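**Q** Predicted model follows, preceded by the sequence.
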Number of protein chains: 2
Amino acid sequence: MTPAGAPAFRAALDGLELVDHPVQLRLRSRDFYWYSPILKRELDGKAADLIIVPHTIDEVVRVAAACARYSVPLVVRGGATGNYGQMVPLQGGVLLDMAKLDRTLWIERDRGRFEAGVRLGDADQQCQRTGWELRMFPSTRRQATVGGYVCGGAAGVGSIRYGQLRDAGSVLGMKVVTCEPTPRVIELRGAEIGKALHAYGTTCIVVEVELALAPAYPWVEMVAAFEDFAAAAQFAQALAEADGIFLKLDSLMAWPLPRYFRGLEAALPEGKHVVMIMVAVANVAAVQSLVRERGGTVTLERRYAEGDGAPPLYEYTWNHTTLQWLKQDRGITYLQCLFPHDRVIESVREMWAMFPDEVLPHTEFIRFGGRVTCSALPIVRYTTEERLNEIIALHESHGVFIANPHVYTLEDGTRHKSTGADQLGMKAEADPYGLLNPGKMRTYKPVRS
Amino acid sequence: MTPAGAPAFRAALDGLELVDHPVQLRLRSRDFYWYSPILKRELDGKAADLIIVPHTIDEVVRVAAACARYSVPLVVRGGATGNYGQMVPLQGGVLLDMAKLDRTLWIERDRGRFEAGVRLGDADQQCQRTGWELRMFPSTRRQATVGGYVCGGAAGVGSIRYGQLRDAGSVLGMKVVTCEPTPRVIELRGAEIGKALHAYGTTCIVVEVELALAPAYPWVEMVAAFEDFAAAAQFAQALAEADGIFLKLDSLMAWPLPRYFRGLEAALPEGKHVVMIMVAVANVAAVQSLVRERGGTVTLERRYAEGDGAPPLYEYTWNHTTLQWLKQDRGITYLQCLFPHDRVIESVREMWAMFPDEVLPHTEFIRFGGRVTCSALPIVRYTTEERLNEIIALHESHGVFIANPHVYTLEDGTRHKSTGADQLGMKAEADPYGLLNPGKMRTYKPVRS
């Protein structure tokens, strides 16, 4: 019998919403790790022994106490839209499904506070009713949760203006629960949020998140198409650097990526490289001029609105780009790169020239450390793990940072292959038995057992 | 008799609002050129022969036609807050005072259209009632006009997020009137606005301006004080580069500048270098943390609101910094510098070390071409014109661009000492007799006479 099945443990959970049907356990223990053939091999079949669906923070505290007392692993599930297996339980145990912790606590001008299980799309719409909106969201906005985003995400649609989640001022606070026999409920503010941010729930259980908001702009979706890739890339960069043009999205995709984008065919001429844009209404004309100046053609221009049938443009960008291709052809995977800010375009072109039919450019322009640069998620035609590692090594040796999406540990997925001292310290303090998402923070050794 | 006094000319102006009292002519022909001892010497005593106050665009057309027919110079006056003598008539003639062309035509979400004579403060307040605001304004917001700003200004409070007026997407359109016997009324859109932008009214008469707006944030004014100048400068730069902190103002002033700032004494400790900040409410805590981290102290934190008695913080920044000192001591003047973006702080400190008690640092962090850099308006203790020119030459030889505020021609005030081909072309077309603000565009030779 697994620890999660022990009668004393079950007794401690009396009255909570539990799910232990095998199909549910298998289905809800998965995220989108299967974009990576390596992670697919390593994570397929991993599953929790028991799903618990808390409705209140008190219930989260009860679960954390029970897990600490009975040595049961505890993994937190948001929308399960990650690509690094962030929420896949490696050692079984409890999957804490946050779907019912979904209250918006308050929205007050440029700030909003949400329970962890609020879907980003819902949070965004609630903010928009007050004239504000989320500063950034992943392309999985409609499924992903606020808690999942801050625990497993980094940036997204909006990062071209607001940088990263980890930038001071993006995430204002978090309420977290420790995993101890008598759990503590702690409010992390300001720089302290680093203890839990992008930690895959290994250091504590995030139950509430306070975000800085952006004013809600009337956005327009645009696609610009170019004959020449260099022209498209230079346009995308010039656009990103145009301080007077208020953007939310600036994504560059080389042909043949657009061939795989269903539902957007009319905007994607055969053989053309495209830039996908979300821009404030006032600046549409400025974008049109810049497109013309750079020899491109505007092939789509429409008001951004959710839920009118057609998928929003952002569902072709960020890691949805990879998904669009995977829907047609499972023979590919992807990488996650950060190009050197002082030679972004040169570097993108250099890498493409090195792997002309094997690594196909897809970049997302963002602000990073006060500068415009590219986060890139190129499509890789997959052959072997050995070749994939070779491609990664060749990128790194040419000055391109890789956040490897073919590993599931926190450390290996970063540029630095390490975990911050604040996260190691928080884990020692808040998860002394090492029960939170065990196996994901590989440099951590439990202080007690 | 001057041409402006000729009876036929006067007859052509029948029914218009005219002012020709000598005191009014002298007073209204001046701007703030007197910050420069050189310009003071050169421009003192220059005055128009006649002031005309149009109430409609049709009246502007009548004045332009009369000036073209009777060869009368025509200079346009907005709020007269420039520092380069932009609106000082060098050759007499008509001063077209736009004060009564002051209608806000429409505000529609992120765009607004204004007659040229609308004061920026009024325009901003009208926008704010709709949830939007001006993207940027000069420190003379309360006096300056929309038309004067786009014809004589460049950047301002807000440029840390939105760049320059000349950036594509800032100024969306302009209606202009040509100076011909039968004047044309032309709408300039997009890149065409370069024909009139920052041309001191030499190429045409701007009568309407359409601006991109920014969402109205709840702003907080803050002052941070530092013992050490390098620490203050590095803080100001780190703040400017913090993508998650939404700023409107980031101004660095070395001691002893703050000694001269009346009305803000409690926030300006003796001997301390200060950074003046306008930041979104949500990000106040992030600024506080950054100040602490960098060894500074927050000495002021208050909600930004106009008209509550205390002058707004921005009236100590940009060229109001110089004005604050001049109110106490007329022995100084200033420069206008752009520091190299890749070594902003080093360059600022290098220049201060070169002129320790003579050129005192005051920088305004801005976005310029997609990057964070500094526009600077250092205080200069004035001795002689020769020494001033030597200081300018030494800045330029150390890689610091100077937009010389001690000259009154368009060309000499720029970094490039030239006028754009589009402005020269527009002037040839729209002012064939060279009557608009004559003497300011020195490279222009009239095509007809």
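**A** Great, that's in hand.
**Q** Same question for stretch A:26-41: list its buried residues.
**A** Going by neighbour count (16 or more other C-beta atoms under 10 Å in any protein chain shown), the buried part of stretch A:26-41 is A:28, A:29, A:30, A:31, A:32, A:33, A:34, A:35, A:36, A:37, A:38, A:39. Glycine gets a C-beta too; all of them are placed from N, C-alpha and C.
**Q** mind listing which of those are in helices?
**A** A:28, A:37, A:38, A:39 (DSSP state H).
**Q** what residues does the stretch 101-250 of chain A put near chain B?
**A** Residues of the stretch 101-250 of chain A lying near chain B by C-beta under 8 Å from any C-beta of the partner chain: A:109-111, A:131, A:135, A:161-164, A:167-170, A:172, A:189-191, A:212-218, A:240-246.
**Q** buried subset of those?
**A** Here, 16+ other C-beta under 10 Å leaves A:110-111, A:135, A:161-164, A:167-170, A:172, A:190, A:212-217, A:240-246 buried among these.
**Q** Let me have the ones in helices among the buried residues of stretch A:26-41 in a markdown table, adding pLDDT and distance to residue A:293 as columns.
**A** Below are those laid out as a markdown table (pLDDT from 0 to 100; distance: C-beta to C-beta, whole Å):
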| residue | pLDDT | distance to residue A:293 |
| --- | --- | --- |
| A:28 | 96 | 50 |
| A:37 | 96 | 42 |
| A:38 | 96 | 43 |
| A:39 | 96 | 43 |
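**Q** which among those gets closest to chain B?
**A** Of all those, the one with the least separation from chain B (C-beta to the nearest C-beta) is residue A:39, at 30.0 Å.
**Q** Could you pull up the contacting residues of the closest one?
**A** A:33, A:84, A:85, A:405, A:406, A:407, A:408 (C-beta atoms under 8 Å, 6 or more residues apart in numbering or on different chains).
**Q** 10 Å - rerun?
**A** Contacts of residue A:39 were listed using C-beta atoms under 10 Å, 6 or more residues apart in numbering or on different chains, and they are A:31, A:32, A:33, A:83, A:84, A:85, A:88, A:333, A:405, A:406, A:407, A:408.
**Q** pLDDT weak spots in chain A?
**A** Within chain A, the stretches with pLDDT under 70 are A:1, A:308, A:447-449.
**Q** Tally up the residues packed near residue A:401, please.
**A** By the criterion of other C-beta atoms under 10 Å in any protein chain shown, residue A:401 has 15 neighbours.
**Q** er, residue A:327 I mean
**A** That count, for residue A:327 with other C-beta under 10 Å as the rule, works out to 11.
**Q** Please determine how far it is located from chain B.
**A** Using C-beta to the nearest C-beta, to the nearest Å, residue A:327 is found at 33 Å from chain B.
**Q** Help me confirm that that residue comes into contact with residue A:262.
**A** Yes: taking contacts as C-beta atoms under 10 Å, residue A:327 lies within contact range of residue A:262: 7.2 Å.
**Q** joint contacts of the two?
**A** With contacts defined as C-beta under 10 Å, 6+ apart, no residue is shared by residue A:327 and residue A:262.
**Q** Got the phi and psi for the nearest residue to residue A:260 once chain neighbours are set aside?
**A** Nearest residue to residue A:260, sequence neighbours excluded (C-beta to C-beta, 6 or more residues apart in numbering or on different chains): residue A:325, at 4.2 Å. Dihedral angles of residue A:325 (phi, psi; degrees, to the nearest 10) stand at phi -70, psi -40.
**Q** Residue A:107 bridge partners, please.
**A** Taking DSSP bridges, one finds residue A:112 as the beta-bridge partners of residue A:107.
**Q** Can you report how many residues lie near it?
**A** Residue A:107: 20 neighbours (other C-beta under 10 Å).
**Q** now swap in residue A:71 and tell me
**A** Residues near residue A:71, counting by other C-beta under 10 Å: 14.
**Q** List the contacts of it.
**A** Contacts of residue A:71 by C-beta under 10 Å, 6+ apart are A:3, A:6, A:9, A:93, A:433, A:434, A:435, A:449.
**Q** thinking residue A:58 is in contact with residue A:15, fair?
**A** No: at 11.1 Å, residue A:58 and residue A:15 do not qualify as touching, with contact defined as C-beta under 10 Å.
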